[in-house]
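Novice: The sequence and its predicted three-dimensional model are supplied below.
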Amino acid sequence: MKIYNTLSKQIEEFVPKEEGVVRMYTCGPTVYHFAHIGNLRSYIFEDILEKGLEMLGYKVLRAMNITDVGHLTSDADTGEDKMLKGARRENKTVYEIADFYTNAFFNDMEDLNIRKPVIVEKASDHISTYIKMIEKMIDDGYAYLSNGNVYFDVSKAKDYYRLLGKNQEDLMVGVRDTVEEDVFKKNPADFVLWFTLSKFQDQVMKWNSPWGVGYPGWHIECSGISYETLGEYLDIHCGGVDNIFPHHTNEIAQSEAYFGHKWCNYWCHGAHLNDQSGKMSKSSGEFLTVSLLKEKGYSPLDYRYFCLNSHYRNPLVFSYESLDIAKQAFTKLKSKVRALLKEGEIFEEHVLSYMNEFKDAFSNDINTSLMLTVLYDVLKDSTLNDATKYYLVEKMDAILSLNLTVFEDVSIPSSLEDKILKKIDERNIAKKNKDFLKADTIRDELLEMRVRLIDTREGTKYELI
Ligand code: AMP
Ligand code: ZN
């Protein structure tokens with residue numbers, strides 16, 4: 001398995017620390033609003049990664065957090081508290097907001113056939129772990145208390161900017177004018193581990209700590225939850241590219257300060273889905289959610305198929321036109337699978353060689369569009385019988401998760417069914433009389449009625465398209 005590692009900026013051979021076992025951590029949603037389909041693009045890529053690793057024979061231990069506290073509207077320590085913003089918007093408590101949007105998130109995941117990680121933990125359930133870690137970081141000189149808050153001192157971290165691949169000067173050029181300076185930090189890049197002196201006096205989620213009543217910063221939750229659930233070493237940590245800095249950079253700084261050794265070997269980031277105006281947003285422009293797509297007549301899996309056609313490291317621009325193209329291709333693909341006969345001998349050697357191709361495509365830095373190409377090659381292969389094709393589709397769909405072998409029961413009014421059967425009889429007679437023109441005309445007439453004829457050894461079948 002080869003995978004691009006943001007840490008080395010190279011495609012590397014993937015070797016987990018423990019043979020056959022992958023410890024994988026994926027940053028979860030901030031549950032102050034619905035996820036937009038951009039967020040969900042990242043979870044689709046992580047889902048394929050998890051299922052693909054299992055296909056290669058690894059046991060995958062995967063954990064994800066639910067951010068219900070500590071995330072401000074800026075990823076740095078400035079701006080409004082996202083959860084409070086959600087609570088005010090809807091006149092609810094932060095707990096109600098967190099519950100509602102956590103459920104909404106898992107409904108979206110289910111709609112998109114994204115498997116829920118076995119370990120899902122709320123940030124607010126692990127406060128004592130963060131306190132334990134912060135205390136040690138203070139004792140060891142990595143963190144300091146200033147004006148009530150606890151900060152991480154980035155000057156103490158080993159090669160703090162290595163995930164980003166830039167230095168502090170490069171960074172400050174772009175942000176100098178926009179960042180609100182916190183005068184209590186030793187270094188402008190220091191970040192908050194624990195807030196006690198909050199500018200949000202109406203903060204509801206708060207806890208006792210050795211530094212006073214307060215709440216954790218956003219970054220410490222992922223270090224704490226991954227430590228508690230997966231231990232001191234991680235193999236893979238994922239998220240969207242916006243997480244590289246500051247979130248993942250800060251996670252590395254904290255975890256390595258606490259453990260005293262390298263923490264995670266592979267960092268994998270999904271490129272963004274953008275809308276045509278640029279960055280996807282929950283507050284301006286059209287708020288693109290799974291429910292909105294459903295309202296507009298798309299299946300969530302049309303969107304999954306749309307995502308799988310592009311490489312996870314390439315930015316993708318969303319438009320309804322391109323979703324329409326994906327939907328059409330996906331519908332056609334499903335009808336091809338539907339037309340396959342399921343019974344028959346399965347040619348094992350073909351299964352093996354096609355599955356090897358499929359695995360190679362995945363192992364080539366999760367090349368999902370190549371995985372789809374292998375699937376199309378199977379369907380096109382005239383040397384394969386239907387049963388082998390169907391079997392391969394089922395096996396590949398265990399990873400792609402497009403419900404390729406799940407068909408809606410389209411009930412046909414009996415009057416239409418009678419008409420179709422009559423036309424099939426007429427066509428059979430025409431073929432018997434070698435009147436192929438008539439036979440083809442009947443086939444085309446039915447196609448216009450969205451009825452496709454499939455000639456099989458057992459006779460002519462039909463499907464609605
Ligand atoms: P959040 O709920 O803001 O914490 O984000 C949840 C996940 O979505 C994180 O992994 C982000 O990196 C990712 N993300 C945010 N915006 C986008 C986008 N436009 N396209 C793809 N992933 C995104
Ligand atoms: Zn995280």
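Specialist: Arrived safely. Ligands and ions are numbered 1, 2, ... in the order given.
Novice: Every contact and neighbour count from this point should use C-alpha atoms.
Specialist: Fine.
Novice: Enumerate the residues of the stretch 251-400 of the chain near ligand 1.
Specialist: Residues of the stretch 251-400 of the chain lying close to ligand 1 (CA under 6 Å from any ligand atom) are 271, 272, 273, 274, 280.
Novice: how about those residues in JSON lines, adding distance to residue 399?
Specialist: Below are those laid out as JSON lines (distance: CA to CA, whole Å):
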{"residue": "271", "distance to residue 399": "20"}
{"residue": "272", "distance to residue 399": "22"}
{"residue": "273", "distance to residue 399": "22"}
{"residue": "274", "distance to residue 399": "25"}
{"residue": "280", "distance to residue 399": "27"}
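Novice: Ranking by neighbours, what's the top pick from those residues?
Specialist: Within those, most neighbours by other CA atoms under 10 Å means residue 273, with 24 neighbours.
Novice: which ones are touching it?
Specialist: Shown in contact with residue 273 (CA atoms under 8 Å, 6 or more residues apart in numbering): 37, 38, 41, 279, 280, 315, 316, 317, 318.
Novice: From those residues, list the buried ones, please.
Specialist: 37, 38, 41, 280, 316, 317, 318 (16 or more other CA atoms under 10 Å).
Novice: Compute the number of surrounding residues for residue 398.
Specialist: Residue 398, neighbours per other CA under 10 Å, totals 16.
Novice: Kindly report the same for residue 144.
Specialist: Each residue near residue 144 was counted by other CA under 10 Å, and the total is 22.
Novice: Help me confirm that it comes into contact with residue 138.
Specialist: Yes. Residue 144 is within contact range of residue 138, at 5.8 Å (criterion: CA atoms under 8 Å).
Novice: Which helix or strand contains residue 291?
Specialist: helix 290-295 (DSSP states H and E).
Novice: In terms of secondary structure, what does the very next helix or strand once past that helix contact?
Specialist: Under the assignment DSSP H and E, the closest C-terminal helix or strand after helix 290-295 is helix 300-308. Contact here means 3 or more CA pairs under 8 Å, 6 or more residues apart in numbering; DSSP states H and E; on that basis helix 300-308 packs against helix 37-55, helix 290-295, helix 320-338, helix 368-380.
Novice: Identify the residues contacting the helix or strand that helix 300-308 is followed by?
Specialist: As assigned by DSSP H and E, the chain's next helix or strand after helix 300-308 is strand 316-317. Residues outside strand 316-317 that contact it (CA under 8 Å, 6+ apart): 271, 272, 273, 274, 275, 276, 310.
Novice: Tell me the spacing between the first one and ligand 2.
Specialist: If I follow you right, that is residue 271. 16 Å (CA to the ion, to the nearest Å).
Novice: and the next element down the chain from the lowest-mean-pLDDT helix or strand in the chain?
Specialist: In the chain, the helix or strand scored least confidently by mean pLDDT, DSSP states H and E is helix 168-175, which has a mean of 55. Tracing the chain past helix 168-175, the next element assigned as helix or strand by DSSP H and E is strand 191-195.
Novice: who does that next one pair up with?
Specialist: Next to strand 191-195 in the sheet, as set by DSSP bridges, lie strand 149-152 (antiparallel), strand 215-216 (antiparallel).
Novice: Export only the CA atoms of that strand, formatted as PDB.
Specialist: Only the C-alpha atoms of strand 191-195 are listed here, as PDB (Å, rounded to 0.1, in the frame of the first residue of the first chain):
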ATOM      1  CA  PHE A 191      -2.200  28.100  21.400                       C
ATOM      2  CA  VAL A 192      -4.700  27.600  24.200                       C
ATOM      3  CA  LEU A 193      -4.900  24.300  25.900                       C
ATOM      4  CA  TRP A 194      -7.300  25.400  28.600                       C
ATOM      5  CA  PHE A 195      -9.500  28.500  28.700                       C
END
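Novice: So for stretch 451-465, what gets flagged as buried?
Specialist: Those buried within stretch 451-465 under the rule 16+ other CA under 10 Å are 451, 452, 453.
Novice: Whichever residue of the stretch 101-250 of the chain sits closest to ligand 1: neighbour count?
Specialist: In the stretch 101-250 of the chain, no residue comes nearer to ligand 1 than residue 240, which is 3.0 Å away by CA to the nearest ligand atom. Residue 240: 24 surrounding residues under other CA under 10 Å.
Novice: any idea how far it is from residue 39?
Specialist: Using CA to CA, to the nearest Å, one gets 8 Å for the distance from residue 240 to residue 39.
Novice: With residue 205 instead?
Specialist: 25 Å.
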